[in-house]
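Peer 1: prediction below, plus the sequence it came from.
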Amino acid sequence: MSVMGSTSAPHPTSNTNVVVPTFSVVDYVVFALLLLLSLAIGLYHACRGWGRHTVGHLLMADRKMSCLPVALSLLATFQSAVAILGAPSEIFRFGTQYWFLGCSYFLGLLIPAHVFIPVFYRLHLTSAYEYLELRFNKAVRVCGTVTFIFQMVIYMGVVLYAPSLALNAVTGFDLWLSVLALGIVCTIYTSLGGLKAVIWTDVFQTLVMFLGQLAVIIVGSAKVGGLGRVWDVASQHGLISGIELDPDPFVRHTFWTLAFGGVFMMLSLYGVNQAQVQRYLSSRTERAAVLSCYAVFPCQQVVLCMSCLIGLVMFAYYQKYPMSTQQSQAAPDQLVLYFVMDLLKDLPGLPGLFVACLFSGSLSTISSAFNSLATVTMEDLIQPWFPEFSETRAIMLSRSLAFGYGLLCLGMAFISSHMGPVLQAAISIFGMVGGPLLGLFCLGMFFPCANPPGAIVGLLAGLIMAFWIGIGSIVTSMGSGVPLSSFNGSLPSNVTAATVTTLMSSTTLSKPTGLQQFYSLSYLWYSAHNSTTVIVVGLTVSLLTGGMRGRSLNPKTIYPVLPKLLGLLPLSYQKRLCCRSYSQDVPMDTDLFPEKMKNGVLQDSREKEAMAEDGSVHQGCSPTFIVQETSL
């Protein structure tokens, strides 16, 4: 990639090359309003109660957020500008098969709501990686934290720079002006306002994203004869995909790959990622956290459908108005911008609205990254070693960390501009790391025998496997002469999947064999493959090193899988099996027992009884369950 610094860009109005300005004064005003309103919302929450802020306010919004803003913030965090550009391009090029990814949203959000959120919330965590110390030890916690920081730092600059570059190439919008404006605005309101400012600006930016995409759908469908005409054209050209039941994991998109491989991808995003966990834990109650996760499901479906519609409208539009030379030669990640600028060129303000939509995705993603990085650095790397920090110094340090990560993001954007093809490898790293981290948390939560050596070795094995497949895919693609830019258009509707675009298989005439076939594994199975590697290696090492024998284990860090399943059976069957569910010992809703809460953890006699019963089971390596020792 090269940086294009022209103030005007090729704008196709016909099949000839014509260079005209694409951004009017009204468009610049609309875009500027996005930045000003985002900054105003952030500064409002920063100034409100100034002088009375605590570390809990900055990092966790005082744990008083309600369901709706948390849900919209969860949605916005991983609805990046890369996804807004990439998902419609995927539909335009390959058809609607990608839509079946929505099937994975059900389990991908249901499991976090009923497995991860209750465990995290009842432990009263601030950083998700505190869990790893409670379950294993401090070394595992530091390993998880460092892995997460590496993941986010690599990606921050890319998610800021890549959309700016695409926008500059298509519209002539000044590259570094947009990078600096976004970086500075985001850094100010995130460092001063903390998590509450981030969540409420996410709410505003989510609405802007909806409006921008809706405007494109309405205007585009009107120009081609309505949505019915759009569907007819797509059907005639075979763009409406049926259910592809091919179980081959090396086929990029099938129903099984999207619906089930996508579940692991969603779990790595919504189950254990610090940016999302932090929002769950900022909720007023556990029930509000669960409801916010539920509320994301219909919102994600709407976002997915809108992306699909934009892709179909774009296809129908170009059947009626043929592409120009620039459009036909454009990189896939520029197709949507070319389409929008062509479609909305006679409607001043609407191109600016779509650009505002695009950069709302960047703002929400980057601000979440700043805040989550500041939180894990403060909670996992500083406070455990310097617990004597006063509240005032801790507040100043938290703000300084957020501000420092903002500057680092700008630095990473500058580095990204000089990376060329390596940029594709850099954005792939984000996706590579998500699966191993998911495996690490699952290892601790579902397998009582897993010990610290097993966790560390398992994480390392998962990371090695992830980078082996990922880098091998990139090298194989480059060696086969397939340009990396050809992968850009296949972007799923969330950050993690969008970052592994270089790993997607291209359509080639010869079927790969041997290691090349291994490297062509569908990107949607990456999280499943890498997390499974962590669990298998972790369990093996744990068994070889004696499991948890001689080590203490907090029962609250274990999720009782088997009792939950047995709890679905009729009571008579449960009695015959001599088992009772952990959920019968510890109420799901902690709001019912506020007087028995201490530091977010239930202090109930029934819970202590369950903990005592857990002791004999936690030494083994069977799935977590609690046996009631009674005679039939």
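Peer 2: In hand now; what should we look at? What you are looking at is a predicted structure, and each value in this text was computed from that prediction instead of being measured.
Peer 1: any regions of the stretch 351-500 of the chain where pLDDT drops low?
Peer 2: For the stretch 351-500 of the chain, the stretches flagged by pLDDT under 70 are 418-431, 477-500.
Peer 1: ranges for the helices of it?
Peer 2: Using DSSP state H, counting those that start in this stretch, the helices found in the stretch 351-500 of the chain span residues 391-416, 422-446, 452-479, 495-498.
Peer 1: any chance of these in TSV, plus mean neighbour count and distance to residue 184?
Peer 2: All C-beta atoms are positioned from the backbone trio N, CA, C, and that covers glycine. Listed next are the helices of the stretch 351-500 of the chain as TSV, based on neighbours: other CB atoms under 10 Å; distance: least, CB to CB, whole Å:
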stretch	mean neighbour count	distance to residue 184
helix 391-416	19	8
helix 422-446	25	23
helix 452-479	20	33
helix 495-498	28	22
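Peer 1: right, and the ones you listed - which one's nearest residue 129?
Peer 2: Judged by CB to CB, the one of those that comes nearest to residue 129 is helix 422-446, at 9.4 Å.
Peer 1: between the helices of the stretch 351-500 of the chain, which one is nearest to residue 296?
Peer 2: So among the helices of the stretch 351-500 of the chain, helix 495-498 is nearest, using CB to CB, at 14.4 Å.
Peer 1: so how many other residues sit close to residue 329?
Peer 2: 9 (other CB atoms under 10 Å).
Peer 1: same deal with residue 325?
Peer 2: Other residues lying near residue 325 total 13 when counted by other CB under 10 Å.
Peer 1: how near is it to residue 55?
Peer 2: Distance from residue 325 to residue 55, counting by CB to CB, to the nearest Å: 56 Å.
Peer 1: before we move on, what about residue 271?
Peer 2: 25 Å.
Peer 1: neighbour-wise, which of the two wins?
Peer 2: Higher neighbour count among residue 271 and residue 55: residue 271, with 27 against 21, using other CB under 10 Å.
Peer 1: the more buried one contacts residue 111, correct?
Peer 2: Yes: at 6.6 Å, residue 271 and residue 111 qualify as touching, with contact defined as CB atoms under 8 Å.
Peer 1: for the nearest residue to residue 106 once chain neighbours are set aside, list the residues it contacts.
Peer 2: Excluding the flanking residues, the one nearest residue 106 by CB to CB, 6 or more residues apart in numbering is residue 297, at 6.9 Å. Neighbouring residues of residue 297 by CB atoms under 8 Å, 6 or more residues apart in numbering: 105-106, 109.
Peer 1: now the residues you listed: which count as buried?
Peer 2: Buried residues within the contacts of residue 297, counting neighbours by 16 or more other CB atoms under 10 Å: 105, 109.
Peer 1: can you redo the contacts of residue 297 as JSON lines with pLDDT and secondary structure?
Peer 2: Listed next are the contacts of residue 297 as JSON lines, based on pLDDT from 0 to 100; DSSP: H, G, I helix; E, B strand; the rest coil:
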{"residue": "105", "pLDDT": "88", "secondary structure": "helix"}
{"residue": "106", "pLDDT": "88", "secondary structure": "helix"}
{"residue": "109", "pLDDT": "90", "secondary structure": "helix"}
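Peer 1: nearest to residue 134 among the contacts of residue 297?
Peer 2: The shortest gap between residue 134 and any of the contacts of residue 297 belongs to residue 109, at 24.7 Å (CB to CB).
Peer 1: was I right to think the closest one contacts residue 270?
Peer 2: Yes: Residue 109 is within contact range of residue 270, at 5.9 Å (criterion: CB under 8 Å).
Peer 1: what do those two both touch?
Peer 2: Listed contacts common to residue 109 and residue 270 are 293, 296; contacts here mean CB under 8 Å, 6+ apart.
Peer 1: quick check: closest non-adjacent residue to residue 79.
Peer 2: residue 361 (5.6 Å).
Peer 1: can you give me the neighbour number for the one you found?
Peer 2: 27.
Peer 1: go on, residue 246?
Peer 2: 12.
Peer 1: please apply the same query to residue 23.
Peer 2: 22.
Peer 1: just residue 346 next, same as before
Peer 2: Quick note: residue 346 (other CB under 10 Å) scores 8 neighbours.
Peer 1: just say helix, strand or coil for it.
Peer 2: coil (DSSP: H, G, I helix; E, B strand; the rest coil).
Peer 1: contacts only, for residue 351.
Peer 2: 22-24, 27, 171, 340-341, 344-345.
Peer 1: please repeat the previous calculation with a cut-off of 7 Å.
Peer 2: Applying CB atoms under 7 Å, 6 or more residues apart in numbering, we find residue 351 in contact with 22-23, 27, 340-341, 344.
Peer 1: do you know how far residue 563 is from residue 245?
Peer 2: 34 Å.
Peer 1: who has more neighbours, these two?
Peer 2: residue 563 (23 against 8).
Peer 1: the more buried one in helix, strand or coil?
Peer 2: helix.
Peer 1: likewise for the one 5 residues further on?
Peer 2: In three-state terms, and counting by three-state DSSP, residue 568 is coil.
Peer 1: how many neighbours does residue 568 have?
Peer 2: 9.
Peer 1: per-residue pLDDT, it?
Peer 2: pLDDT, residue 568: 70.
Peer 1: likewise for residue 506?
Peer 2: Here the pLDDT value assigned to residue 506 is 37.
Peer 1: do residue 627 as well
Peer 2: Per the predicted model, pLDDT is 36 at residue 627.
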